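# Sequence and computational prediction follow.
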Amino acid sequence: MSESSAAQPIRIAQHGYALEVLAHLGGALAGLQFQGQEVLRRAAPEIDEPLKSSGFALMPFANRIAHGRFRIGARAVQLQPNAPDQAHPLHGQAWREPWTIEALEAEHLALVYDYTGGEWPWAYRARQVFTLSKSGLDVVLELQNHAAEPMPAGIGWHPYLRRTPAARLRAMVEGVWLADEQCLPTALARPGQIWDFRSAAPVPQTLVDHCYSGWNGRVELVLPEAQLCVRIEAQEPLRWLHVYSPPGEAFLCIEPVSHMPDALNRAEPPAVSGLRLLAPGETLRARVTLSCESCGT
């Protein structure tokens, strides 16, 4: 195992796909191409902030924890904000720390990050495995509890997908969490009440920053101007889908996650919130596959 300290992206390419990864910058992505076309938002060469990347892993939790405060049993935890202009801590620690190269081949890259403890009081190991095949980009996410007590746990993937003016999104879901002005969930509603993507709807020009529940694990994004179809398939436990689409930007985020935002502070049962507790030594694992094909408008 070797440490990655170089600021240059690690590149793997195979079967018409090319992926670039910034191990030193939170294990974030710098770009993904399919047959020469950009699939994700391209990161600038001088990037020094994961929020400006092409995507990153979410571990040991996804999205926001309200004010960084929560309680697990008798343990009270307080996390500090960890992103610019954000009042609530986001996405855990792994996306803001250097990762280590575990394995590197022409079509395969494995990275690991070991967290030894701090304001998040549980040690853990995070792992990302990227593989390119004829089926597309395969991403395996693993989170293993290295603490001596149960650890609350969540995982997810946060790609910044390319967006064109006529982009259409299709995802079969059962519900959507309405949110307040701080993007914290308030109530579960039917998808038809806000930004319903069950029938390949155009991506709104207004802000979307909502979590959808009851997702079947499949998404299709059609970019007519590029004659490109992008599909994402996610396995259990990634059954929540967070969609983030800021107005005026040439990207949108389609994030398969294992729980809703602020799950640690919700009163709903785990089947609704997605909250999980990992026993010491236990691993939470998920797989996401992103595939592309040329398609007509």
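All right, it came through fine. Numbering: from 1, shown residues only.
# Can you tell me the strand partners of whichever strand or helix holds residue 293 and which way each runs?
Element membership for residue 293 (DSSP states H and E) is strand 283-294. Neighbouring strands of strand 283-294 in its sheet, by DSSP bridges, are strand 136-145 (antiparallel), strand 228-234 (antiparallel).
# what's the last one in contact with?
Right, the one you point to is strand 228-234. 34, 37, 39, 136, 157, 159, 161, 217-223, 254, 256, 286-295 (Cβ atoms under 8 Å, 6 or more residues apart in numbering). Where you see a C-beta, it was placed from the backbone N, CA and C, and this is true even at glycine.
# Name the spans of the stretch 151-297 of the chain whose pLDDT lies under the cut-off.
Applying pLDDT under 70 to the stretch 151-297 of the chain flags residues 297.
# Which stretches in it count as strands?
In order along the chain, the stretch 151-297 of the chain carries the following strands (DSSP state E, counting those that start in this stretch): 151-153, 156-162, 168-171, 175-179, 185-189, 201-202, 208-213, 218-223, 228-234, 240-245, 251-257, 276-278, 283-294.
# distance from the centroid: which residue in the chain tops it?
What lies farthest from the middle of the chain is residue 74; by Cα atoms, centre = their mean that is 29.9 Å.
# now that one: how far from residue 227?
57 Å (Cβ to Cβ, to the nearest Å).
# circling back: buried residues in the strand holding residue 293, which are they?
Under the neighbour-count criterion of 16 or more other Cβ atoms under 10 Å, strand 283-294 has 284, 286-292 buried.
# got a markdown table for the residues you listed, with distance to residue 188 too?
Listed next are the buried residues of strand 283-294 as a markdown table, based on distance: Cβ to Cβ, whole Å:
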| residue | distance to residue 188 |
| --- | --- |
| 284 | 24 |
| 286 | 23 |
| 287 | 27 |
| 288 | 24 |
| 289 | 28 |
| 290 | 28 |
| 291 | 30 |
| 292 | 33 |
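# So which of the residues you listed is the closest to residue 66?
Of all these, residue 66 sits closest to residue 284, with 22.2 Å by Cβ to Cβ.
# Could you give the bridge partners of the closest residue to that closest one other than its chain neighbours?
Leaving aside its sequence neighbours, residue 284 sits nearest to residue 143 (Cβ to Cβ, 6 or more residues apart in numbering; 4.6 Å). Beta-bridge partners recorded for residue 143 (DSSP bridges): residue 126, residue 284.
# Mind pulling up the pLDDT for residue 143?
Looking at residue 143, its pLDDT stands at 98.
# which ones are touching residue 216?
Per Cβ under 8 Å, 6+ apart, neighbours of residue 216: 172-173.
# nope, residue 166 is what I was after
With Cβ under 8 Å, 6+ apart, residue 166 has these contacts: 202, 223-225, 297.
# So what sits opposite residue 32 in the bridge?
residue 19.
# give me the number of residues near it?
Counted with other Cβ atoms under 10 Å, residues neighbouring residue 32 total 29.
# ditto for residue 126
25.
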